[in-house]
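Colleague: Build the 3D model from these lines:
(one chain, ligands or ions: 1)
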Amino acid sequence: MKIKIENLSFGYDDGYIFENLNFSYDSKDFLAIIGPNGGGKSTLLRLMLGILEPKSGKISIDSKSPKLAKELIGYVPQYIPVNKSFPMSVLEVVLMGRLSGGLFKFYSKADKNMAIQALDMVGMREFSSRGIGALSGGQRQRVYIARALVSGARILMLDEPTASIDTQGQAQIYTALKEINQANVGVIAISHDINMAINFASKVAYINSGSVVLHDISNLDNRDFISHLSKDHTHFCDVELALNSCGCASHKD
Ligand SMILES: Nc1ncnc2c1ncn2[C@@H]1O[C@H](COP(=O)(O)OP(=O)(O)OP(=O)(O)O)[C@@H](O)[C@H]1O
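Modeller: Residues are numbered from 1 along each chain as shown. The predicted model follows:
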């Protein structure tokens, strides 16, 4: 599947956040969207999800508008804490991803098998009967990823899936996302952790002040990158320079 952004312009009010942006994504890739606060990462994700409408230009997902393609997209919001006594099991939460037939539909055996399979993919099968409130933040986030997967989504879009989660939990989430991508589901994740992005993604889109620079990092030597980052640069905004220093192909729109 392909997402194509052509001459996209968008602003919340009179001004523009993006002007004539061109960008494309192939679901073969695990794309990490990185960049400083306020750069436009969530705005771009919301445009691709069809929650926001471009002022001009076009976004197409396999030639359909984001609204018409919404069944092909699974959205995982930022980590949201839940009440410890929330009365739903992990399996029930994942089954909610099969609700497209209506809120009161009965789940079939096939639905349940799909939910168990999705829990397997994120390494959470053994927790299927546990209450959703009795999980760690990282485990809960993996359950939400399974819920998005079980809807039959062909691309997952995640807004900072590892915010407020410790390093081990982050690595488990990124490992699951990489495996999901290898099983032919596209993954686009906003990330504030450059280490995770570099270790697990195949492409990085660096967004700042409305411009997007795409880097192919599938052959990046991580140690080379980290040494460039720490030796030559001191700030997150210098990630782009470090990527260029490592000779990563970059493409600016
Ligand atoms: N609903 C809104 N109305 C008006 N302006 C908004 C709205 N949402 C975001 N903005 C502005 O748009 C710009 C881009 O915001 P966005 O949330 O897309 O950035 P971001 O890169 O995701 O930031 P962060 O890393 O802090 O989450 C910012 O200047 C922000 O203040």
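Colleague: List phi and psi for Phe23.
Modeller: phi -160, psi 140 (degrees, to the nearest 10).
Colleague: go on, the one 5 residues further on?
Modeller: Geometry field for Lys28 lists phi and psi as phi -70, psi -20, criterion degrees, to the nearest 10.
Colleague: Return the set of residues that bridge with the closest residue to it other than its chain neighbours.
Modeller: In space, and not counting its chain neighbours, Lys28 is closest to Gly186: 7.5 Å by Cβ to Cβ, 6 or more residues apart in numbering. (Glycine included, C-beta is placed from N, CA and C.) Note on Gly186: beta-bridge partners Ile155, judged by DSSP bridges.
Colleague: Pretty sure Gly186 sits against Met48.
Modeller: No. With contacts counted by Cβ atoms under 8 Å, Gly186 stays clear of Met48, the gap being 11.0 Å.
Colleague: what about the chain, any weak spots by pLDDT?
Modeller: 79-81, 100-106, 220-253 (pLDDT under 70).
Colleague: quick one on the thing from earlier: quick one: residues contacting the residue nearest to Lys28.
Modeller: Gly186 sits next to 1, 25-31, 154-156 when contact means Cβ atoms under 8 Å, 6 or more residues apart in numbering.
Colleague: So which residues of the protein form strands?
Modeller: 2-10, 18-26, 30-34, 56-61, 73-76, 155-158, 186-190, 203-208, 211-216, 250-252 (DSSP state E).
Colleague: So which bits of this protein are right by the ligand?
Modeller: By Cβ under 6 Å from any ligand atom, the residues of the chain that approach the ligand are 12, 17, 35, 37-43.
Colleague: Show me the helices in this structure, by range?
Modeller: Using DSSP state H, the helices of the chain run over 41-48, 90-95, 109-121, 137-150, 167-182, 194-200, 222-232, 239-245.
Colleague: Okay, buried residues for the shortest one please.
Modeller: Read it as helix 90-95. By 16 or more other Cβ atoms under 10 Å, the buried positions in helix 90-95 come out as 90-91, 93-95.
Colleague: Would you check how far apart the spatially most central residue of the chain and the ligand are?
Modeller: With distances taken as Cα atoms, centre = their mean, Ala189 lies nearest the centre of the chain, 2.4 Å away. Plainly put, Ala189 is 12 Å away from the ligand if you go by Cβ to the nearest ligand atom, to the nearest Å.
Colleague: How many neighbouring residues does the closest residue to that residue other than its chain neighbours have?
Modeller: Excluding its sequence neighbours, the residue lying closest to Ala189 (Cβ to Cβ, 6+ apart) is Leu158, at 4.2 Å. Counted by other Cβ atoms under 10 Å, the residues lying close to Leu158 total 25.
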